[in-house]
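>>> quick one, fold the following:
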Amino acid sequence: MSVKASHWAWQQALPPAQKVVLLALADHSDDNGKCWPSVRLLAAKSCSSTRTVQRVIRALQDAGLVSVKSQPRPGSNAQTSNLYTLALSIPPSN
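Next comes the predicted model:
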């Protein structure tokens, strides 16, 4: 958990669903804003469905607050959890 990332996430003016998913991401990120929680874990932490979390992550991407990189599982075509990077350099929106 990064206090820096959590503080940054709290400063963003967002609708409730986006705010709580961003906070869940921040709760798992390092001081560089990088984390890789599963969508299922984010859904559980935010009391949302996995579909809602996927939709919210796209909205956070569109807002430039989060970037997402798919990570293939080594040695197979399967995918592991995405790498999320929070845009900690973006100043607070409120």
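>>> how close does the residue nearest the centre of the chain sit to residue 78?
When the chain is reduced to its mean C-alpha position, the closest residue under CA atoms, centre = their mean turns out to be residue 25, at 3.8 Å. Computed as CB to CB, to the nearest Å, the residue 25 to residue 78 distance reads 23 Å. Using the backbone N, CA and C atoms, a C-beta is placed for each residue, glycine as well.
>>> ok, residue 89 next?
Taking CB to CB, one finds residue 89 at 33 Å from residue 78.
>>> quick one: low-confidence ranges for this structure?
Filtered on pLDDT under 70, the chain yields the residue ranges 93-94.
>>> so where do the strands sit in it?
Secondary structure of the chain by DSSP state E: the strands cover 34-35, 66-72, 79-86.
>>> got the buried residues for the longest one?
So the one you mean is strand 79-86. 81-82, 84-86 (16 or more other CB atoms under 10 Å).
>>> same list, these, but as CSV with distance to residue 14 please.
Shown next, in CSV, are the buried residues of strand 79-86 (distance: CB to CB, whole Å):
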residue, distance to residue 14
81, 23
82, 20
84, 16
85, 17
86, 13
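>>> nearest to residue 74, of the residues you listed?
Closest approach between these and residue 74, by CB to CB: residue 81, at 13.4 Å.
>>> so the closest one is in contact with residue 71, correct?
Yes - between residue 81 and residue 71 there is a contact at 6.8 Å, judged by CB atoms under 8 Å.
>>> list residues touching both of the two?
Listed as contacting both residue 81 and residue 71 by CB atoms under 8 Å, 6 or more residues apart in numbering are residue 36.
>>> just the helices in this protein please.
3-11, 16-28, 39-46, 50-62 (DSSP state H).
>>> tell me which of the ones you listed sits most buried.
Across those, averaging neighbours per residue (mean count of other CB atoms under 10 Å) puts helix 16-28 on top, at a mean of 20.
>>> output the contacting helices and strands for that helix.
If you count contacts as 3 or more CB pairs under 8 Å, 6 or more residues apart in numbering; DSSP states H and E, helix 16-28 packs onto helix 3-11, helix 39-46, helix 50-62, strand 79-86.
>>> what's that helix in contact with?
With CB under 8 Å, 6+ apart as the test, helix 16-28 has contacts from 1-2, 5-6, 8-10, 12, 14, 35-37, 41-42, 45-48, 52-53, 56-57, 59-60, 63, 65-66, 84, 86.
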